[in-house]
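Engineer: Attaching a predicted model along with its sequence, questions to come.
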Amino acid sequence: MDLDETMLVCEEAMDKAEEYLKSELRGVRTGRASTALVEFIKVDYYGSPTELRQLALINVPEPTQILIKPFDASCTKEIGKAIEASGLGLNPMVEAKQIRLNLPSLSGERRTQLIHSVKHMGEQAKVTMRNARRDANKHIDQAGKDKSNHLSEDAVDSAKDDVQKLLKKYEAKVDELISAKSKEVQAV
C-alpha cells in the first residue's frame with residue numbers, strides 16, 4: 001500500500017467515525033421533541049428486530065410531544081413495549097391506532113447525565129480516530145522499511161505529520177459537535 005492510499009484509508013476511517021458520532025448524537029434527548037430520539041428503537045416485529053422508522057410514521061405535533069402512527073395497527077403494543085424498554089425514560093400512551101409520547105422537561109441532574117454521555121460518545125469517536133492514525137503509521141513505517149519503495153526517512157516523517165494533521169482536524173470536528181450538543185442539552 002503506497003502513502004496516498006494509506007492516507008485515503010485513514011481519512012475514510014476518521015470520516016466514518018465522525019458520521020457515526022453524528023448519528024448517535026441525533027438520538028440524545030434535548031429539551032425539544034425530535035423524531036431522531038425514537039426512530040432507531042428496535043421493535044420485535046413478527047420475530048425480527050426492526051427499526052421504528054420502518055414500522056411507523058413519526059412526527060412532532062408539539063415541541064414536547066412525539067406522535068407515532070404505525071403502518072400496521074396490530075404492532076402498536078409491541079412498539080409501546082420497545083419504547084418502554086429503550087431506556088429513554090419515556091412513558092408511551094397507547095391510543096387506538098397511535099402512540100403519543102409526552103416529553104417531560106429535563107431535570108438539572110438528567111441534563112448533567114446527558115452531557116456526560118455526549119462527552120463519552122465524543123471520546124469514543126476520538127479513540128476510533130486515533131486507532132486509524134496508529135494503523136496508518138504502521139503502514140507508513142512498513143512502507144519505509146520496504147526497500148522496493150525507495151522512501152527516504154524525510155518522506156516517512158512527512159507522511160506521519162500529514163496523518164497527525166488529519167487527526168487534529170477530525171478531533172476539532174468532534175469537539176465542535178460535542179460542544180454544540182452540550183449547549184443544546186443545557187438549553188431550557
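Structural biologist: Thanks, I have the structure now.
Engineer: how about low-confidence regions in the protein?
Structural biologist: 1, 29, 31, 188 (pLDDT under 70).
Engineer: Could you chop it up by domain?
Structural biologist: Listed by automatic domain parsing, the domain ranges of the chain are 3-26+107-186, 35-102.
Engineer: Adding mean neighbour count, write those out as a markdown table.
Structural biologist: Heads up, the C-betas are built off the backbone N, CA and C, glycines and all. Below are the domains of the chain laid out as a markdown table (neighbours: other CB atoms under 10 Å):
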| stretch | mean neighbour count |
| --- | --- |
| domain 3-26+107-186 | 16 |
| domain 35-102 | 16 |
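Engineer: in this protein, which spans are helices?
Structural biologist: Applying DSSP state H to the chain gives helices spanning 3-26, 52-55, 76-85, 108-145, 153-186.
Engineer: Quick one: closest of these to Leu37.
Structural biologist: helix 3-26 (8.1 Å; CB to CB).
Engineer: Report all helices and strands that the closest one contacts.
Structural biologist: Using 3 or more CB pairs under 8 Å, 6 or more residues apart in numbering; DSSP states H and E as the contact test, the elements touching helix 3-26 are helix 108-145, helix 153-186.
Engineer: and it, C-alpha only, in CSV?
Structural biologist: Taking C-alpha atoms only, helix 3-26 is exported to CSV below (Å, rounded to 0.1, in the frame of the first residue of the first chain):
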residue,chain,number,x,y,z
LEU,A,3,1.4,6.5,1.1
ASP,A,4,-1.5,8.1,-0.8
GLU,A,5,-3.6,5.0,-0.4
THR,A,6,-2.7,4.8,3.3
MET,A,7,-3.8,8.5,3.8
LEU,A,8,-7.1,7.8,2.0
VAL,A,9,-7.9,4.7,4.1
CYS,A,10,-7.0,6.7,7.3
GLU,A,11,-9.2,9.6,6.3
GLU,A,12,-12.1,7.3,5.4
ALA,A,13,-11.9,5.6,8.8
MET,A,14,-11.9,9.0,10.6
ASP,A,15,-14.8,10.2,8.4
LYS,A,16,-16.8,7.1,9.3
ALA,A,17,-16.2,7.7,13.0
GLU,A,18,-17.4,11.3,12.6
GLU,A,19,-20.6,10.2,10.8
TYR,A,20,-21.3,7.5,13.4
LEU,A,21,-20.9,10.1,16.2
LYS,A,22,-23.4,12.4,14.4
SER,A,23,-25.9,9.6,14.1
GLU,A,24,-25.5,8.8,17.8
LEU,A,25,-25.9,12.4,18.8
ARG,A,26,-29.2,12.7,17.0
